[in-house]
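J.: Next come a sequence and a model predicted from it.
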Amino acid sequence: MKKLQMVDLKSQYDKIKEEVNASIQEVLETTAYINGPLVHQFQADLEAYLGVKHVIPCANGTDALQIAMMGLGLQPGDEVVTADFTFAATVEVIALLQLTPVLVDVDFNNMNISLEGIRKAITPKTKAIVPVHLFGRAANMDAIMAIAKEHNLFVIEDNAQAIGADYTSADGVKRKVGTIGHVGATSFFPSKNLGCYGDGGAIFTNDDALAHTLRGIVNHGMYVRYHHDVVGVNSRLDSIQAAVLKAKLPHLDHYNRARQEAARKYSAALGSNPNIWVPTICEQCDCHVFHQYVIRILNGKRDALMAHLQEKGIPCAIYYPIPLHRQKAYLDARYREEDFPVTNQLVDEVIALPMHTELEDEQIRFITDTILDFI
């Protein structure tokens, strides 16, 4: 059996080596390393794939979130509601801009932001909601957009983990996640479903005026060289990373289907055990693209299982071991432990198993058999 890895980027690369190498070589030949033709070609390709008017490439996913908030004109002290159970980048950019993060609990069934939590958190100072499509599963965007409309709030989609996922609205309209809110942000970190070979990110919007503002912000606030019209940052997707992404984008749907198929096999093997919660998988839609395959161990033996898996050479991880409301950087007297019952339970139960496009049946059987034998 091939050695198990959380993410097998080498095997993925081997299958598309010629395409990737040719794309990178094009950059090397043109020497247009910053804002070169491959960046613009990838931008246009991604706009077409997502069905969105504007893609603004940038240096990484964290910058994408920060620049999205800057472009919306949020001011210090404005409150931004987001999920407690997610990676810190979501909340750190709120704090960096001197906005006020408001953390709320998540839903047991999908681990995405709680709709009830959003409603309870809204005050006259609230200006935006940041839903995170956690682990690759689309959040309930119909409900979130309805809440935002009712209270005149911006919606900033954190789509770092769910690029390529579809969201089907109640009216039957299907759209890619990240393109539904006022603005969306994604990461091209190498382990993502669409990953480059370094850092990269992008912002999505259908708002022409906002797109214009965002394009200035990513490039020092310039639209004309040495004319700084807005306060900006230096956050550009370099041409070599764009070349990698341009080569990989045509494979994204295949990659997501491979992840979904691996998830089905995991869930079929593990789902009947009463001590294991497995994620649900829709057969009629692509609302979950499984950036991570995360289960919950319900009998209190999660940490022991993790140690056992590691002894057997099976990589695994805990996303996330400490909720944001307990992190030293984001402690706030407003938060009470009783406000986060779901998050506080999840951090003791979740464990992520290997998930990538190159998983083989033999590997999945070994992983699931090892888990079941231990449980």
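T.: Noted; the coordinates are in hand.
J.: Could you pull out the helices in the stretch 251-375 of the chain for me?
T.: 252-270, 302-311, 341-349, 361-374 (DSSP state H, counting those that start in this stretch).
J.: Now do the last one: which elements does it pack against?
T.: With contacts defined as 3 or more C-beta pairs under 8 Å, 6 or more residues apart in numbering; DSSP states H and E, the packing partners of helix 361-374 are helix 252-270, helix 302-311. In this view, the C-beta of every residue, glycine as well, is placed from N, C-alpha and C.
J.: would TSV of the helices of the stretch 251-375 of the chain with mean neighbour count, mean pLDDT and distance to residue 153 be doable?
T.: Putting those into TSV (neighbours: other C-beta atoms under 10 Å; pLDDT from 0 to 100; distance: least, C-beta to C-beta, whole Å) gives the following:
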stretch	mean neighbour count	mean pLDDT	distance to residue 153
helix 252-270	18	97	30
helix 302-311	15	98	36
helix 341-349	17	98	22
helix 361-374	16	98	42
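J.: so can I have JSON lines of those showing distance to residue 103?
T.: Shown next, in JSON lines, are the helices of the stretch 251-375 of the chain (distance: least, C-beta to C-beta, whole Å):
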{"stretch": "helix 252-270", "distance to residue 103": "28"}
{"stretch": "helix 302-311", "distance to residue 103": "23"}
{"stretch": "helix 341-349", "distance to residue 103": "9"}
{"stretch": "helix 361-374", "distance to residue 103": "31"}
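J.: Between the ones you listed, which one is closest to residue 211.
T.: Proximity to residue 211 (C-beta to C-beta) singles out helix 252-270 among these, at 22.4 Å.
J.: Tell me what angle the closest one forms with helix 361-374.
T.: If you take axes from the mean of the first three to the mean of the last three C-alpha atoms, to 10 degrees, helix 252-270 sits at 30 degrees to helix 361-374.
J.: What helices and strands are in contact with helix 252-270?
T.: In terms of contacts (3+ C-beta pairs under 8 Å, 6+ apart), helix 252-270 is packed against strand 293-297, helix 361-374.
J.: Against which helices or strands is the top helix by length along the chain packed?
T.: In the chain, assigned by DSSP state H, the helix with the most residues is helix 9-30. If contacts are counted by 3+ C-beta pairs under 8 Å, 6+ apart, helix 9-30 sits against helix 37-50, helix 239-248.
J.: Next, the angle helix 239-248 makes with that helix.
T.: 120 degrees.
J.: that older thread, with distance to residue 264 added, can I get the helices and strands packed on helix 9-30 in a markdown table?
T.: Putting the helices and strands packed on helix 9-30 into a markdown table (distance: least, C-beta to C-beta, whole Å) gives the following:
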| stretch | distance to residue 264 |
| --- | --- |
| helix 37-50 | 24 |
| helix 239-248 | 23 |
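J.: Just name the most buried of these.
T.: Among the helices and strands packed on helix 9-30, ranked by average contacts under mean count of other C-beta atoms under 10 Å, first place goes to helix 239-248 (a mean of 26).
J.: From the opening residue of stretch 291-303 to its closing one, how far?
T.: The stretch stretch 291-303 measures 22 Å between its terminal residues, going by C-alpha to C-alpha, to the nearest Å.
J.: contacts for it?
T.: When contacts are defined by C-beta atoms under 8 Å, 6 or more residues apart in numbering, stretch 291-303 is touched by residues 111, 135-136, 161-162, 192-193, 259, 262-263, 266, 270, 274-279, 305, 318-319, 346, 348-355, 374-375.
J.: Stretch 234-247 too?
T.: For stretch 234-247, contacts defined as C-beta under 8 Å, 6+ apart pick out 16, 19-20, 22-24, 26-27, 32-39, 41-43, 45-46, 57-60, 63, 67, 188, 194, 196-202, 217-220.
J.: repeat that with 7 Å
T.: Under the criterion C-beta atoms under 7 Å, 6 or more residues apart in numbering, residues 16, 19-20, 23-24, 26-27, 32-36, 38-39, 41-42, 45, 57-59, 63, 67, 188, 194, 196-198, 200, 218-220 lie in contact with stretch 234-247.
J.: Looking at the helices and strands packed on helix 9-30, spot the one closest to residue 227.
T.: Nearest of the helices and strands packed on helix 9-30 to residue 227, taken as C-beta to C-beta: helix 37-50 at 21.0 Å.
J.: Toward the C-terminus, what is the element adjacent to that closest one?
T.: Following helix 37-50 in sequence order, the next helix or strand is strand 54-58 (DSSP states H and E).
J.: Using JSON lines, please lay out the helices and strands packed on helix 9-30 together with mean pLDDT.
T.: As requested, the helices and strands packed on helix 9-30 are exported to JSON lines (pLDDT from 0 to 100):
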{"stretch": "helix 37-50", "mean pLDDT": "98"}
{"stretch": "helix 239-248", "mean pLDDT": "98"}
